[in-house]
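Engineer: Build me a model:
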Amino acid sequence: MSAFLSQFNMKDLLVDLMLHYGGKWITKPLLVYDKKYVATRRDTSADLLDYDKIVEEYTKNLGFVLVKQILVKGPFGKFYLLEGSEGIKTLQCLLNEQFKVVHFFAVDDFEETIYAPNIIHHSEAYLVECEYGTDAETESDDDQSSDEEYNFDELELIKMLKCKEVNVDLSHYKELHPSMTFKDLNEARKIVNLYSLANSKPIVVEKSDRTRLRYKCMIGCPFVLLISQDGKGPGFKVKTLKINHNCDDAFKNPRACTSTLAQYFKSKLQNNPQYKLKDMRKDLKDQFNLNVSTSKLKRAKRMALQKLQGSFLDDFNRIEAYANELRLSNPGSDIVINLSKDALEQGKRKFLRMYICFNALKLGWKEGLKPFIGLDGTFLKGQCKGQLLVAMTQDAQNCFYPLAWAVVDKETTRTWIWFLQLLNNSLNLKDGETVTFMSDMQKGLIEAVKNVLPLSNHRYCVRHIEANWMKRFRSGEMKKLLWWAAWSTYKEDFKDQLSALGALSKSAAKDLLRYPPQTWCRAYLDTICKNQMVDNNFTESFNSWILEARGKPILKMLEDIRTKIMNRLREKEEAASKWTTDYSPNCMKLFTAYMKITQLCSVDFNGDLGYEVSEGEDRHTVNLVEKKCTCRSWQLTGIPCPHAIKAMLYQKIEPKNEINWWYSKEAYLMTYRAKLMPVKGEQFWNVLPEHAMDPPDLVKTVGRPKTKRTRENDASIKRAEEWAHSRKGTKMTCSKCGEITHNAKTCNFVEGEQRATLKRKRGRTEEETEEEPEEEVEEAHIEDFDVNSSAPRPTQDEEYNFMSTPGLSQQQYEPFGPAREPESDPNIRPQVIFENRTKLKMRMNQLRATGNRVISFRGDHAGISEPTNLPYSPTKLTWKGKEVVTGNQLERERQKKVGKLKTKKSK
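Structural biologist: Residues are numbered from 1 along each chain as shown. Take a look at the predicted model:
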């Protein structure tokens, strides 16, 4: 060993020295030295310890350039800073027969400074006994304890009493100890405030200045606490402590100040920034029986969030290390981080975008998922604003399956092009010829899909079309006909629904056709992806599924999303063990509904390959070899339609065997076969100084920031545990007299007067109603479709229950179809029309088949066709009474002319 170690002689207490080197420091969540090598010297005299010689040993013999700090591990494993001869003397005082193995650690000049308590304060805080029941400012030498009399169990107790963790019930702060010391009076105030809150005791300040704090309790309570300067060095200590209380618990505590409440709720707000004030009040009431005003809680929440904003911003310094850890733990995953080009030119690193696509999700896409992708963007709700772009698909059970997601500054054409280019590389979509996309038509998404995947098919979400279209046409009957038109699988049915809509309002039918039917009506959609979805609800479900995570810092949000998906992949695979058939339960429910409709169909066979199957007034042609039907349901879904099932039963073929493989249990298990691999905790990430970066610039929007999305006008609201229509725009009626100018509370109705208006119907008395002819009453009933009223109107919809029914669970009103997750606000949900409760139910109850109208095959090899000979034409845009042309129309005309020129040149 070196000359330094050879100078130690065996004299008095002999100790073992352990010099750690060649490792690295880990500062979070606990201070740890990940060691590689240890230089050992046993049976060394404690009296010969020398600080300069320890530093010299590290620099000359252990490879250190310049020792910045020396740390030593205390008797209970805690790190202390060792500085100069004073630190060595304090260490020598601590050494005894129970503590004679000393671990030294050094911090090199290029390493970050380690923040640890100085061992000098260790000695002053824990080796000096405190006087009881006195206000003395100094202590006599007779009260000092020797090293041999020191109790290390007491040291561990005091260490626990000053624990920094603030848990739910403040159990670490329920006791004060006479040996407690504080670096300043602010720390003392925090400890005392938390003690008062934990024990529900109304402690008040009797004296407070720069050198001391004196607390007492209620009149008659013996509790006294004096904290003043430590006469032997810097810092403050407890001088007087009478810990007993004989007072009652406090319902209002003066120590529950804003800063104390902010400290208490800090960890909860960090995990859930959407933590509500009413929940904060409830927690204080349940834990400490404490009443706090709402205004104080608002200030405390604001203060805690402001303190947390630093941790929100610090996440961007570790995000590159997080990306590297994802790549190491999940090989083959695509993790891309973009920095701001403008900031780099200025010599700064500023976060711009981040894209994530795990290898397990890519394998699921390739092995068992239909080529159908939903795209959507949603806002982040935390301190660091931005938007989350997501790409979803559906599994054999029609539940959402995440493919990729990205954090961007805002949703624009540029960000969507960037996202789709990375998605194309991850999933190998090429030019998108065999892929179908679903979107909400917003913010540059249409142009982005055209640019990146020009040959892909692009559908528009009918729910978003409905939201825009119904701003002018609010009738429930029109809403039903809109959805029935979207669900029409062949041209004749679409024309029927459009004509029915035009009978109610021609302007409504024309306005609907402003949205190209080939993007939202099943009669004109492609049949390659075997998915007949016309809404993007499954993607919206994912946004609702991660609602809580979207309010957290970026790293916690991404980790929450990853862990939720990791658990979901496992749970979905386990769910397949409960399947009773070889196909998904959702598929079998639709197949069962088709089997019931089959009973109302009739079949005619030509003896070769052709079957004519009649359902109602329509006669369809079925080709079992090509797996086609003129109703197009078989081609759209991959599940035999009622007409194909009828033909198969005629030929004694099992229809279930003709269901597409994408709905099979095998495809489902292959989808969820690949799993996300676990990721190491944050303390194991390799965070380097060059990883530091600034957060993105906030995009300032007009008005107050919203945390909830704008609801539709016909959204259902949960009142008294039941679902009901929104009351917005309705006029309340007095239950006593029937007038609409007031309510029952302010009614001046006097008992005994004739209540002619009490039983009125739509503003008319009962006698007036009885005198009217029956035809006029019926006419008034029909005209009420467009009237905004709180009372529901009995229409054709009631026969088929097209509106969501109050009191039904998700499983009750949704027997099959895409899995819908709960809304972000559980008390509000939009009124939804379900196909199985409307159109399919009507088909099950129709009359026997006549087959007067012949339906023929249409569409190209992909099943796509153009709408022609429609009963109405789209509404044309006008400006000052003159017709105008849109940019999209000009682009379509340009493409037509280019196509004609290419055709002429080829000839």
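Engineer: and the gap between residue 371 and residue 605?
Structural biologist: Per C-beta to C-beta, to the nearest Å, residue 371 is found 34 Å from residue 605. (C-beta placed from N, C-alpha, C; glycine too.)
Engineer: do the same with residue 427
Structural biologist: Computed as C-beta to C-beta, the residue 427 to residue 605 distance reads 44 Å.
Engineer: now swap in residue 507 and tell me
Structural biologist: Relative to residue 605, residue 507 is positioned 46 Å away (C-beta to C-beta).
Engineer: do the same with residue 481
Structural biologist: Taking C-beta to C-beta as the measure, residue 481 falls 36 Å from residue 605.
Engineer: try residue 16
Structural biologist: Plainly put, residue 16 is 97 Å away from residue 605 if you go by C-beta to C-beta.
Engineer: likewise residue 399?
Structural biologist: As for residue 399, its distance to residue 605 is 39 Å (criterion: C-beta to C-beta).
Engineer: Which of these two has more residues huddled nearby?
Structural biologist: Set residue 399 next to residue 605 and count neighbours by other C-beta atoms under 10 Å: residue 399 wins out with 19 against 14.
Engineer: I'd say the more buried one and residue 571 touch.
Structural biologist: No - under the criterion of C-beta atoms under 8 Å, residue 399 lies out of contact with residue 571, with a separation of 10.6 Å.
Engineer: Now residue 376: phi and psi?
Structural biologist: In this entry, residue 376 is assigned phi and psi values of phi -160, psi 160 (degrees, to the nearest 10).
Engineer: Do a quick rundown of the strands in the stretch 151-300 of the chain.
Structural biologist: Remark: strands assigned in the stretch 151-300 of the chain by DSSP state E, counting those that start in this stretch are 181-182, 204-208, 212-216, 224-229, 236-242.
Engineer: Among those strands, which comes closest to residue 343?
Structural biologist: The stretch from those with the least distance to residue 343 (C-beta to C-beta) is strand 181-182; that distance is 42.7 Å.
Engineer: so what secondary structure elements neighbour that closest one?
Structural biologist: Other helices and strands packing on strand 181-182, by 3 or more C-beta pairs under 8 Å, 6 or more residues apart in numbering; DSSP states H and E, are helix 119-126, strand 236-242.
Engineer: lowest-confidence stretch among the ones you listed?
Structural biologist: Looking at the helices and strands packed on strand 181-182, the lowest mean pLDDT belongs to helix 119-126 (a mean of 51).
Engineer: From residue 39, how far off is residue 313?
Structural biologist: Using C-beta to C-beta, one gets 41 Å for the distance from residue 313 to residue 39.
Engineer: Between those two, which is the more surrounded one?
Structural biologist: residue 39 (18 against 15).
Engineer: I'd guess the more buried one is in a strand, am I close?
Structural biologist: Yes - following the definition DSSP: H, G, I helix; E, B strand; the rest coil, residue 39 is counted among the residues of a strand.
Engineer: Could you tell me the per-residue confidence at the residue lying closest to it once chain neighbours are set aside?
Structural biologist: Leaving aside its chain neighbours, residue 39 sits nearest to residue 19 (4.2 Å; criterion: C-beta to C-beta, 6 or more residues apart in numbering). Model confidence at residue 19, expressed as pLDDT, equals 86.
Engineer: what distance separates stretch 326-334 from the centre of its chain?
Structural biologist: On the basis of C-alpha atoms, centre = their mean, to the nearest Å, stretch 326-334 is displaced by 22 Å from the centre of the chain it belongs to.
Engineer: Can you tell me what sits against it?
Structural biologist: Under the contact criterion C-beta atoms under 8 Å, 6 or more residues apart in numbering, stretch 326-334 has outside partners 335, 355-360, 362, 404, 422, 425-426, 676-680.
Engineer: buried residues in it?
Structural biologist: By neighbour count, and taking 16 or more other C-beta atoms under 10 Å as the criterion, the buried residues in stretch 326-334 are 326, 330, 333, 334.
Engineer: what's the straight distance from one end of that stretch to the other?
Structural biologist: Between the opening and closing residues of stretch 326-334 lies a distance of 9 Å (C-alpha to C-alpha, to the nearest Å).
Engineer: now stretch 399-414
Structural biologist: The stretch stretch 399-414 measures 30 Å between its terminal residues, going by C-alpha to C-alpha.
Engineer: cool, and stretch 371-391?
Structural biologist: Distance across stretch 371-391, first residue to last, is 12 Å (C-alpha to C-alpha).
Engineer: how would you label the closest residue in space to residue 676 that isn't next to it in sequence: helix, strand or coil?
Structural biologist: What sits nearest to residue 676 in space, not counting adjacent residues and going by C-beta to C-beta, 6+ apart, is residue 566, at 4.1 Å. On the three-state scheme (three-state DSSP), residue 566 is labelled helix.
Engineer: Backbone dihedrals for residue 863, please?
Structural biologist: Here the main-chain torsion angles of residue 863 (degrees, to the nearest 10) amount to phi 80, psi 10.
Engineer: Quick check: it vs residue 186, distance?
Structural biologist: On the measure of C-beta to C-beta, residue 863 and residue 186 end up 73 Å apart.
Engineer: Quick one, which of the strands of the stretch 151-300 of the chain gets closest to residue 389.
Structural biologist: The closest approach between residue 389 and any of these, judged by C-beta to C-beta, belongs to strand 181-182 at 49.5 Å.
Engineer: partners of the closest one, with directions?
Structural biologist: Strand 181-182 has the following sheet partners, assigned by DSSP bridges: strand 236-242 (antiparallel).
Engineer: what angle do the strand it pairs with and strand 212-216 make?
Structural biologist: Going by axes from the mean of the first three to the mean of the last three C-alpha atoms, to 10 degrees, strand 236-242 is angled at 20 degrees with respect to strand 212-216.
Engineer: any idea of the angle strand 236-242 forms with strand 224-229?
Structural biologist: Here strand 236-242 runs at an angle of 160 degrees relative to strand 224-229 (the same axes, to 10 degrees).
Engineer: Check which element follows the strand or helix carrying residue 355 along the chain.
Structural biologist: Element membership for residue 355, per DSSP states H and E: strand 351-357. Sequence-wise, the next helix or strand downstream of strand 351-357 (DSSP H and E) is helix 359-368.
Engineer: what's in contact with that next one?
Structural biologist: Counting contacts by C-beta under 8 Å, 6+ apart, the residues touching helix 359-368 from outside are 330-334, 393, 395-396, 401-404, 426-427, 565, 569, 662, 666-677.
Engineer: Helices - which of those land there?
Structural biologist: The members of the contacts of helix 359-368 that map onto helices under DSSP state H are 426, 427, 565, 569, 666, 667, 668, 669, 670, 671.
Engineer: Closest one of those to residue 71?
Structural biologist: Residue 71 lies nearest to residue 565 out of the ones in helices among the contacts of helix 359-368, by C-beta to C-beta, at 41.1 Å.
Engineer: Now do the contacts for the closest one.
Structural biologist: With the criterion set at C-beta under 8 Å, 6+ apart, residue 565 makes contact with 358, 361, 402, 676.
Engineer: could you redo the last one with a cut-off of 10 Å?
Structural biologist: Residue 565 sits next to 358, 360, 361, 401, 402, 405, 542, 545, 546, 676 when contact means C-beta atoms under 10 Å, 6 or more residues apart in numbering.
Engineer: Among those residues, which one lies nearest to residue 201?
Structural biologist: If you rank the contacts of residue 565 by distance to residue 201 using C-beta to C-beta, residue 546 comes first, at 42.4 Å.
Engineer: and the nearest residue to the closest one once chain neighbours are set aside, helix, strand or coil?
Structural biologist: When the adjacent residues along the chain are set aside, residue 546 lies closest to residue 561, with 5.5 Å between them (C-beta to C-beta, 6+ apart). Secondary structure of residue 561, reduced to three states by three-state DSSP: helix.
Engineer: Could you double-check that residue 561 sits in contact with residue 543?
Structural biologist: No - when contacts are counted by C-beta atoms under 10 Å, residue 561 is not listed as touching residue 543 (11.1 Å).
Engineer: For the closest residue to residue 273 other than its chain neighbours, what are phi and psi?
Structural biologist: The shortest distance from residue 273 to any residue other than its chain neighbours is 4.3 Å, reached at residue 551 (C-beta to C-beta, 6+ apart). Residue 551 adopts backbone torsions of phi -100, psi 0, taken as degrees, to the nearest 10.
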